[in-house]
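A.B. asks: make a model of this:
(chains A and B)
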2 protein chains.
Amino acid sequence: MNSNQSFITVGKSPLRADARDKVRGKGIYIDDMRLPGMLYGKVLRSQYAHARILMIDTSEAERLPGIIGIVTGEELPFIHGESFPDEPLLARGKVRYMGEGVAAVAAVDEETAEKALGLIKVEYEELPALFDPVAAAAPGAVRIHEEMESYKGKPLVRPVKGTNILNHVQFERGDVNQGFAQADHIFEDTFTTPAQQHCSIEPHGSICLIDKDDNISLWTNNDSPYRCRIEIADALHIPMTKVRIISAPYTGGNFGGKGGLKAEACAIALAWKIRNVPIKVLYTREEEFCSSIIRHPSVIKIKTGVKNGGTILAREVTTYWATGAYAEKGPTVSRFGGISSAGPYNIPNVKINGYLVYTNTPVAGAMRGYSGPQTSWAYESQMDIIAAKLGLDPLELRLRHVYQDGDIHTATGQIIHAEGLKKCLEEVAVRMEWQGKTLGPNQGRGIACMERAVKTPFGSAAFVKVNEDGTVDILSSTTEVGQGSETILRQIVAEELGVPLNAVRKATPDTAYTPYDASTTSSRSTFHMGNAVKIAAADARQQILQLAGKLLSTDPVNLTLADGKVLDKENPVKVMPIAAVLGQSYGSSGTVLGRGYYFPEMPEGQETYFSSQVVFWLLGAHGIEVEVNRRTGEVKILKVYAAHDAGKAIHPDNVKGQILGGISMGLGYAAYENYEFKEGNVLNPSFLSYKLPTAVDMPGVVPVIVEQEHQDGPYGAKGVGETTNVPLPPALANAIYNAVGIRIKSLPITPDKVLAAMQERGEGESQ
Amino acid sequence: MNSNQSFITVGKSPLRADARDKVRGKGIYIDDMRLPGMLYGKVLRSQYAHARILMIDTSEAERLPGIIGIVTGEELPFIHGESFPDEPLLARGKVRYMGEGVAAVAAVDEETAEKALGLIKVEYEELPALFDPVAAAAPGAVRIHEEMESYKGKPLVRPVKGTNILNHVQFERGDVNQGFAQADHIFEDTFTTPAQQHCSIEPHGSICLIDKDDNISLWTNNDSPYRCRIEIADALHIPMTKVRIISAPYTGGNFGGKGGLKAEACAIALAWKIRNVPIKVLYTREEEFCSSIIRHPSVIKIKTGVKNGGTILAREVTTYWATGAYAEKGPTVSRFGGISSAGPYNIPNVKINGYLVYTNTPVAGAMRGYSGPQTSWAYESQMDIIAAKLGLDPLELRLRHVYQDGDIHTATGQIIHAEGLKKCLEEVAVRMEWQGKTLGPNQGRGIACMERAVKTPFGSAAFVKVNEDGTVDILSSTTEVGQGSETILRQIVAEELGVPLNAVRKATPDTAYTPYDASTTSSRSTFHMGNAVKIAAADARQQILQLAGKLLSTDPVNLTLADGKVLDKENPVKVMPIAAVLGQSYGSSGTVLGRGYYFPEMPEGQETYFSSQVVFWLLGAHGIEVEVNRRTGEVKILKVYAAHDAGKAIHPDNVKGQILGGISMGLGYAAYENYEFKEGNVLNPSFLSYKLPTAVDMPGVVPVIVEQEHQDGPYGAKGVGETTNVPLPPALANAIYNAVGIRIKSLPITPDKVLAAMQERGEGESQ
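C.D. replies: Below you'll find the model as predicted:
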């Protein structure tokens, strides 16, 4: 722990590494990248939610001048997927959702490729389709993947044979039935959440080049080059060295949407057939909505038994996750959702069942806070229902139950540590004057908190190379997707090596060069990759001090590094720039290399794939003050108070930026965004019809950084950005209840729903 | 030492990594590389050998449609050079040789750029020019660099004030005057060598992109990305992290010619002015001849004192190296030439003076064997002169004096080790049946040997990353210039990690990713980078064994690696693939990283820049049988016997390839190539007029690999390729003498010269 350590750059907020490029429009994104002779690919997509493909006739399209090649799924006997490979590069045999790729065209330009799509004839035989996860989970339902039993998933993915359930997650502690029996009050509620789309400014894009020896080069805005590489190498049955993933220097937003194979799959499909030519596929906004990924719609049934005084005795949660046509990150979403379904609370008896269910809808996968927004919507809404019924203060009810260090996690049995959630709640309460401030008429306040596991346990690796002039290169596969990782990793290395921040660069990820990283997801980078670069930098530091010790005739333990120089701690006259240490040791040939691999220490015998032994928790609490218009149902957010536990904020301004961005996204999910399906068809796949909150919709926000240091985090840091959106929806629902006594259980909370609820009570203006 | 070790791939000759690509025309060279929006640059070159630039008028050229920009030296206040920076990117104030760049043009295509050159008007005031190094070295000669005293050279570069001598190299051991006084015979000879051009199939080429923050990206076929980076960063006064050198995947020949800044300088000059646009400069063959680099023409005076029995008592050598208009690698050439001027022989009294002299001729620099072909031409010719005079067997004279392990090197005072030269001579003698074979009329045989220091001491660094599936990536900045380094480095890593060769890849050098390497020159890579990758691989190996030991409950010392698996040496049942070791330790997150930095150990207090403490010597001997046509002077080479000391041949076929290639190049230098100057003008700057030996001119060759293992070399290896051309010219001259009694002292040995010498003796046919 470094509580009393004085830092050079850690804990400061230097200018972000990407600031200048972005402000000046200089950043290179995948759309800016062109290769000589590059072709452009477009994908013909299914108009059926579930149908057998009887025939594909590409002959007319092939005759169009400028068309170089057309590929269909039948030519690509590959199946891919992160933890439950079930997805072809293009549909084979049948389509499972509207928007699924059926054929892909490569042409000399996008317009020609687009034109060719209209000339491809496909005959389908429509099949019965399933859209609702509860119905799809029922025994005897039409099967979306008849061959599910043949899929080779990771060990912790547990399909239910003969059904559409591809993962059944179960956790149980104590005896819920006994708990319910001892309870004075039983609360049973069902909550629902809709789909949500990431709406990154930049769509998915990839350029793929495959030579005749199956060497694949893929330039892409995928968030995780190594995960991408594994998925491709596994799918195509080729060694990893044959797959080179090169990140675009910048990515215009991720939020979990840029994992897996999206535009990548289309570009690979074409390049596998058309060798030695780079082929670019860039998604349209409509493809972003219909053919990339979305947040899992869910149905959550939550039953809680409570004693009169408010002590929660038992909770049972059953969740249905509509994962769409393919597994994608669904198994992880449902697993993490399962672990935290009962909330971050000490409850002696807990039973959790989660069903990840195939549906004939666009693929659901990772999206910021994944599983958190769904589970917390349920448990945090019900916390206020309980408090209201029992006449308790909702904050007080939470503070009485919330985990603290040393507690046992009810779902996982793991001992809790570095838990700053109570402090988050307290900070929010203080800032919003929970005890004291009087609100006006139709005004109300709500609070909500959350936990989510970081992706765990997964490794991160880094190289550091010290240049002859004392500048430093970091080789790390963490991608800069707007979250600020480049700046934070540079800060950590600069801190460790005692060099100015601008002397440190981080190279763009490229699997041929930058070492392994599990993924840039789940707010794992600052902790995992932060540790890896710190270990690598410490390795280089040690070598520099050794060399300097020899040159200065001093025991290296007496030496330290600051401002690019070696200093003798006891003899300030002995100073030597790092460049001089290298030069005097090695002439002009001076260098020092560091390597670092970080993998969280696991208890003996623990599973190493998505263990329930969580290395750290993402924790936060939001408070909201609202004013409800009883006439229109409109809810005005007066202020948001948001506290998140960063462990240690390496770059506090960046943490605040993450909090503000998360609130915007949480607000969209809570009150604006409504991803509308009808029979598997997305009705609003554009920014004209899909309403996102904009800058003018942003409420005033009081961001609060809580720093409950983690013993294994770099300088105590944990991750923070992933879940800053999560507590907002239930906090908003709770505030509305506090203002006007109306309880909304299905997201989004639109004025319509509020008004309808008012009218049900005989209030509000009829339409 | 690994004499008795059984190797998996070391010492075998697996298919070269680049073989398939090259045979199929798939290799990517700089000319194949295009970037979006790329411009093309061309350079206007001086038609004067020495002249003041009075005025440059680019206005008409600028008006030509398609011209994007024109830059002249006045706009570029930078000076560059490896060890004695003296060269502007484009001429400033005056031109110093015909072919020097005066202005550069960037246009939308090469044709337009070329056209614009003709529209640029330059006014010159001609200055007296110097072409002969002896005349140029004289006190009072016109100065080519008036400002030489202000240049900041590396410590071992010693200019002589007020002259054109930019480096005076001196070595002295014993007392030559005393040696000469005790000698029975004094031999005084002067030998001369001409220029030679590398004639790589591929010319110099670079693409440069500089942004407004001075970040430089340079794609280039430079042989040494890090040396190139240092030269650029130093010249432009920017940190090294701002300069990114990206090697072209393949280079079509190097032979020392692709170091320094050639096309690089032109591309940088243009890109420094025209920002944010990539600009490509590709040399023409004429530019290769006139404006890249050439081998140093030299004049070598050698005086040797010998006792009656043949014991050599003293040798004094004075060499003039015509380095052309700029220093380039001249200081190193003259230094290495100095160290070995007296030959690889035990001579108690030695005095060496080398003068590196500016001349108004194209820049001379590194070329295969540099300094070796000049010095050995002198000392090996004179050895036969001595033998002839004293009636001794030339082989016997050499064997009596040649260094063996434990001897003291006469010029440097260093103790000799790993010296396989005697064995090279003996092997050649056995193969050519020196004692016994009877040759026909007009036939003769000659022998010659040589030594040259490796570039020393300079470092090499490498990373190794083991992938999750057990395949391995090498990150090393050694360039593949046709010499086979990629294959050899992969062999070493495969050997060390016990994985199949095809499981190992080597990434193309890129200074943003691959770590430091001094240079791919001087046959240093197998030894230096070989050690670096071996250390890096051993680092990774150790970690794998540690992990496996834990998993197999075995002490790691009992484990070894073979065929991609960990084996228990005593319990063959315990076998675990590397991929399984990683997977079981880290789930799907398994990786292991290795780092290696190799820097030869130097005696305490020794200079670290081109020390005279040589870490290993390049050694070899050639024997030649010829038949001389007394009527025409034509010399037919009947056979060449070539033995070179590889220490340990990692890839024997590659060593043999190096020997064959060297003999072709040595033969060109000995008998074909005549780089003709007239008043600074190159008269034959094309393959029509500059005669290279072709495949049909190749004699039969018996290549012999001598393996005198080096204690510090990887598996005992030293370098070998650099000097396989070196002994050929004196061996040829000695064979001609042996055949017809004619002694040629100036290269090349053309039929004209032989015939003229015959005629002088009253033989031969008059023309």
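
A.B. asks: how about the residues of the stretch 401-550 of chain A by chain B?
C.D. replies: A:457-459, A:461, A:463, A:465, A:467-469, A:471-473, A:475, A:503-505, A:507-508, A:510, A:512-516, A:518, A:539 (CB under 8 Å from any CB of the partner chain). For every residue, glycine as well, the C-beta is placed using N, CA and C.

A.B. asks: inside helices: which ones of those residues?
C.D. replies: residue A:539 (DSSP state H).

A.B. asks: which of the residues of the stretch 401-550 of chain A next to chain B fall within strands?
C.D. replies: Secondary structure defined by DSSP state E assigns A:461, A:463, A:465, A:472-473, A:475, A:504-505 of these to strands.

A.B. asks: got a markdown table for those residues, with pLDDT and distance to residue B:678 too?
C.D. replies: Output for these, formatted as a markdown table (pLDDT from 0 to 100; distance: CB to CB, whole Å):
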| residue | pLDDT | distance to residue B:678 |
| --- | --- | --- |
| A:461 | 98 | 61 |
| A:463 | 98 | 54 |
| A:465 | 98 | 49 |
| A:472 | 98 | 52 |
| A:473 | 98 | 49 |
| A:475 | 98 | 53 |
| A:504 | 98 | 54 |
| A:505 | 97 | 50 |
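
A.B. asks: go through those residues and say which is closest to residue A:604.
C.D. replies: Taking CB to CB as the measure, residue A:604 sits nearest to residue A:461 out of these, at 23.1 Å.

A.B. asks: wait, that closest one sits on residue A:509?
C.D. replies: No - applying CB atoms under 8 Å as the test, residue A:461 and residue A:509 come out as separate, 11.7 Å apart.

A.B. asks: okay, these two: which has more neighbours?
C.D. replies: Counted by other CB atoms under 10 Å in any protein chain shown, residue A:461 and residue A:509 do not tie: residue A:461 has more neighbours, with 31 against 26.

A.B. asks: now that one. Nearest residue, chain neighbours left out?
C.D. replies: Nearest non-adjacent residue to residue A:461, counting by CB to CB, 6 or more residues apart in numbering or on different chains: residue A:515, 3.9 Å away.

A.B. asks: tally of neighbours for that neighbour?
C.D. replies: By other CB under 10 Å, the residues close to residue A:515 number 30.

A.B. asks: hang on, it packs against residue A:463?
C.D. replies: Yes - between residue A:515 and residue A:463 there is a contact under CB under 8 Å: 5.8 Å.

A.B. asks: which neighbours do those two have in common?
C.D. replies: Listed as contacting both residue A:515 and residue A:463 by CB atoms under 8 Å, 6 or more residues apart in numbering or on different chains are A:475-476, A:595, B:463, B:593.

A.B. asks: widest-spaced pair of those residues?
C.D. replies: Farthest apart among the shared contacts of residue A:515 and residue A:463 - using CB to CB - are A:476 and B:463, which lie 12.5 Å from each other.

A.B. asks: who touches both of those two?
C.D. replies: Common contact partners of residue A:476 and residue B:463 (CB under 8 Å, 6+ apart): A:463, A:515.

A.B. asks: could you pull out the strands for the stretch 1-150 of chain A?
C.D. replies: A:39-45, A:51-57, A:67-72, A:79-80, A:87-88, A:94-95, A:101-107, A:121-126 (DSSP state E, counting those that start in this stretch).
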